[in-house]
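Engineer: predicted model and sequence follow; I will ask about them next.
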2 protein chains.
Amino acid sequence: MSLNYPCKKTNSSNKKTSVFNKGMDLEEDINISNKFYLDNNIAVIYKKPTPISIIKVDYKNKSPIINKAFFSIPSTTDYNGLYKSKYIDFEAKETKNKNFFPIKNILPHQIKHLITCLNHGGVCFIIILFKFYKECYLVNIKDILTYLEPVQSNIPYKFIKEKGYLIKYRYMPRLDYLKEVEKIL
Amino acid sequence: MSLNYPCKKTNSSNKKTSVFNKGMDLEEDINISNKFYLDNNIAVIYKKPTPISIIKVDYKNKSPIINKAFFSIPSTTDYNGLYKSKYIDFEAKETKNKNFFPIKNILPHQIKHLITCLNHGGVCFIIILFKFYKECYLVNIKDILTYLEPVQSNIPYKFIKEKGYLIKYRYMPRLDYLKEVEKIL
């Protein structure tokens, strides 16, 4: 099972600056949108820090230095927060696949977490970027439960196109996913 | 401003095993209680991972090793989650002080975050353990707003004893703070 390590090197200064190219780093787009939502008093949604297991710390300096640590498997999804008094919880993934969203891109216990939150009254979804089509969808967990349990299976692109909500790329917020959340509240 | 580094060494096996001594590691007590709430389908509340700034990663091995990183200042509080369809957000702190809770124990932007969440309809509080009295209180953010803005000031123990909710230590959940949350819903 592969983890998406967050510290992979990307040279963002080399990217072309068209709106669309800006819109291709899903995590960055969501983070920037969340900042916009927070700054404009619309919602309070954050990406959780990357979980690590710390092995060795040097406390000699004023600022302790972590000398050895490993990435650990996250317990929950990457994003949660608060919008219009509602608890929001989601995972965001991109795929190059044309025909379906590979369900293995989300860890089984993250799927379980989303379903648990749904059962406790949360607003839970997945944001999926299909890079081939340059389309980004918000998919309500409620709509894909048949793909999630009892057995997890790939979700066809056609199904997502039909049942999901296409998120528009804009100048600000770059990826206005809360506009689509409105439709599932 | 001091950060509470999470990897300080504690030899928990040396601790006495009376219920009260068990109850003295606030973070551990909350984590264990959260696990109980989750396992018993009562609530979905997690401690967020410790935020770090990664400087150097060795990708040569199958499991990448972080060789250099620093603790960074958290953007939000330590705990959030979902209880009875409500968004829950809180910070937990202990103090040896007898007369007041030193407000500097919570970072100013964490206080700001709690107030922002409150304004967006979240259930927001601080859990404060007074080690001297061996008393642990849940304090509703709404009740201490006069201590939080416009200027942050220390909160007298007397005030907390009067306005806060004493959380009972039990066998399971060890620190049943959701029982007190009920009173502020």
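Structural biologist: Nice, thanks for sending it over.
Engineer: quick one: mean pLDDT over the helix or strand encompassing A:N34.
Structural biologist: Here A:N34, judged by DSSP states H and E, is contained in helix A:26-39. If you average the pLDDT over helix A:26-39, you get 97.
Engineer: which strands or helices does it pack on?
Structural biologist: Contacts defined by 3 or more Cβ pairs under 8 Å, 6 or more residues apart in numbering or on different chains; DSSP states H and E place helix A:26-39 against strand A:44-47, strand A:79-83, strand A:86-95, strand A:123-130, helix A:177-181. The way it works is simple: take the backbone N, C-alpha and C, and place the C-beta from them, glycine included.
Engineer: mind exporting that helix as PDB, just the C-alpha atoms?
Structural biologist: Presented in PDB, the C-alpha positions along helix A:26-39 are these (Å, rounded to 0.1, in the frame of the first residue of the first chain):
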ATOM      1  CA  LEU A  26      -4.900  19.400  -6.000                       C
ATOM      2  CA  GLU A  27      -3.600  19.600  -2.500                       C
ATOM      3  CA  GLU A  28      -2.200  23.100  -3.100                       C
ATOM      4  CA  ASP A  29      -5.500  24.200  -4.600                       C
ATOM      5  CA  ILE A  30      -7.500  23.000  -1.700                       C
ATOM      6  CA  ASN A  31      -5.100  24.500   0.800                       C
ATOM      7  CA  ILE A  32      -5.300  27.900  -0.900                       C
ATOM      8  CA  SER A  33      -9.100  27.600  -1.100                       C
ATOM      9  CA  ASN A  34      -9.300  26.800   2.600                       C
ATOM     10  CA  LYS A  35      -7.200  29.800   3.400                       C
ATOM     11  CA  PHE A  36      -9.600  32.000   1.300                       C
ATOM     12  CA  TYR A  37     -12.600  30.500   3.100                       C
ATOM     13  CA  LEU A  38     -11.000  31.200   6.500                       C
ATOM     14  CA  ASP A  39      -9.800  34.700   5.600                       C
END
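Engineer: what pLDDT is listed against A:K62?
Structural biologist: So, for A:K62, pLDDT stands at 87.
Engineer: swap in the one 4 residues further on?
Structural biologist: According to the model's per-residue confidence, A:I66 sits at a pLDDT of 95.
Engineer: same deal with the one 3 residues further on?
Structural biologist: Note for A:A69: predicted pLDDT of 94.
Engineer: burial count for the residue lying closest to it once chain neighbours are set aside?
Structural biologist: Of all residues not flanking A:A69 in the chain, B:I66 sits nearest, at 4.1 Å (Cβ to Cβ, 6 or more residues apart in numbering or on different chains). Neighbourhood size, B:I66 [other Cβ atoms under 10 Å in any protein chain shown]: 24.
Engineer: so what's B:I66 bridging to?
Structural biologist: Counting by DSSP bridges, B:I66 is bridged to A:A69, B:V57.
Engineer: any idea how far A:S33 is from it?
Structural biologist: Distance of B:I66 to A:S33, given as Cβ to Cβ, to the nearest Å: 28 Å.
Engineer: now A:V123
Structural biologist: 16 Å.
Engineer: mind showing which ranges of chain A have poor pLDDT?
Structural biologist: A:1-24 (pLDDT under 70).
Engineer: now the farthest one out in chain A, which residue is it?
Structural biologist: Taking Cα atoms, centre = their mean, the residue of chain A most remote from its mean C-alpha position is A:K60, at 37.2 Å.
Engineer: quick one, what contacts the residue positioned nearest the centre of chain A?
Structural biologist: In chain A, the residue lying closest to the centroid (Cα atoms, centre = their mean) is A:A92, at 2.2 Å. Residues near A:A92 by Cβ atoms under 8 Å, 6 or more residues apart in numbering or on different chains: A:L26, A:E27, A:I30, A:D78, A:Y79, A:I126, A:I127, A:I128, A:L129.
Engineer: got TSV for these, with distance to A:S53 and neighbour count too?
Structural biologist: Listed next are the contacts of A:A92 as TSV, based on distance: Cβ to Cβ, whole Å; neighbours: other Cβ atoms under 10 Å in any protein chain shown:
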residue	distance to A:S53	neighbour count
A:L26	26	17
A:E27	22	16
A:I30	26	24
A:D78	18	21
A:Y79	22	21
A:I126	27	25
A:I127	28	24
A:I128	29	24
A:L129	29	25
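Engineer: would you turn those residues into CSV with distance to A:R170?
Structural biologist: As requested, the contacts of A:A92 are exported to CSV (distance: Cβ to Cβ, whole Å):
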residue, distance to A:R170
A:L26, 15
A:E27, 18
A:I30, 13
A:D78, 22
A:Y79, 19
A:I126, 21
A:I127, 15
A:I128, 19
A:L129, 15
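Engineer: B:N140: which of these is nearest?
Structural biologist: For the contacts of A:A92, the minimum distance to B:N140 (Cβ to Cβ) is 26.4 Å, reached by A:Y79.
Engineer: am I right that the closest one is in contact with A:K47?
Structural biologist: Yes. Here A:Y79 reaches A:K47: they are 5.5 Å apart, a contact under Cβ atoms under 8 Å.
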